[in-house]
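Visitor: Below are the sequence and a predicted model for it; my questions follow.
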Amino acid sequence: MSELPRLLVLTDRSQLRLGRGLLPTLAECAEAGLTHVVLRELDEPAEQRARLASAATELGLVVIAAHGPLPGAAGVQLAATGGNTVSARVAAGCSTLLPVVTPCYPSGRSCHSPTEVARAAEEGFDYAMLSPYALTESKPGYGPPLGPGAFADLPLPTYALGGITPDNAAAAVAAGAHGVAVMGAVMRAEEPAEVVRDLLAALDTTAVTS
């Protein structure tokens, strides 16, 4: 995970349409151009999540593990929880407090305010996810939308998360986000790969104009 992508997709198989499987959906998204995925599925045991990470890697995806290091993952995304002061080094497996899988691999922090992004930068994280950008069906209880203004002049590469669609992805990047992180718009879609294509097309316009 040497270069941060413009698009991250977070998994949640519970939001998939009836009859859809997680790995076939990820395979379709990879064919559509997706390169990086944040593997959640936090209700599964670690062994099953590790198998999913390995399978997603075989699809050509770079896997970021949610909430802690995971065999087969190339990065870790730490949750934003009250009072959680775990450093990036610990989150990334650089400490004996957590099992070392790939020493010191890239780490991100979920945040809900610019202040939390600044704290993540001080703690040594490589990037942040800031949410909710807009109204979100996946996690409706996370407070009012932050809107574009929250993404100006942040000290870390930051992904806009929450309520992101192909219609507002470019605006989020224009406001200062490094890229967008998407769960519901992809996971709930009738054709997730089409949503990925549309998101990448929207983000491509920001690359041309930036």
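Guide: Arrived safely, thanks for sending. Treat the numbers as computed from the prediction; the structure is a model and nothing was measured.

Visitor: where does this protein dip in pLDDT?
Guide: Within the chain, the segments meeting pLDDT under 70 span 1-2, 81-104, 138-143, 207-210.

Visitor: longest helix in it, by residue count?
Guide: Ranked by residue count, the top helix of the chain under DSSP state H comes out as helix 192-209.

Visitor: who's in contact with that one?
Guide: Taking contacts as CB atoms under 8 Å, 6 or more residues apart in numbering, the residues outside helix 192-209 that touch it are 6-7, 9, 20, 25, 28-29, 31-34, 164-167, 169-170, 173-174, 179-180, 182, 185-186, 189. C-beta: built from backbone N, CA, C; applies to glycine.

Visitor: Which parts of it count as buried, going by neighbours?
Guide: Within helix 192-209, the residues scored as buried using 16 or more other CB atoms under 10 Å are 192-193, 195-200, 202-203, 206.

Visitor: so the closest residue in space to residue 44 that isn't next to it in sequence is in which element?
Guide: Of all residues not flanking residue 44 in the chain, residue 52 sits nearest, at 7.4 Å (CB to CB, 6 or more residues apart in numbering). Secondary structure assignment for residue 52, by DSSP states H and E: helix 46-58.

Visitor: right, and the helix or strand after that helix?
Guide: The next secondary structure element downstream of helix 46-58 (using DSSP H and E) turns out to be strand 62-66.

Visitor: For that following strand, which outside residues touch it?
Guide: 1, 5, 8, 10, 35-40, 42, 49, 53, 56-57, 70, 72-77, 79, 106, 108.

Visitor: In helices, which of those residues fall?
Guide: 49, 53, 56-57.

Visitor: if I look at the spatially closest residue to residue 189 that is not a sequence neighbour, how far off is residue 137?
Guide: Counting by CB to CB, 6+ apart, residue 195 is the residue found nearest to residue 189 once chain neighbours are left out, at 4.6 Å. Spatial separation of residue 195 from residue 137 under the definition CB to CB, to the nearest Å is 14 Å.

Visitor: Check the contact lists of those two and give me the overlap.
Guide: Taking CB under 8 Å, 6+ apart as the contact rule, residue 195 and residue 137 have no neighbour in common.

Visitor: how many neighbours does the closest residue to residue 179 other than its chain neighbours have?
Guide: Spatially, and ignoring its direct neighbours in sequence, residue 179 is nearest to residue 6 (3.8 Å; CB to CB, 6+ apart). One way to gauge burial is a neighbour count; for residue 6, by other CB atoms under 10 Å, it gives 20.
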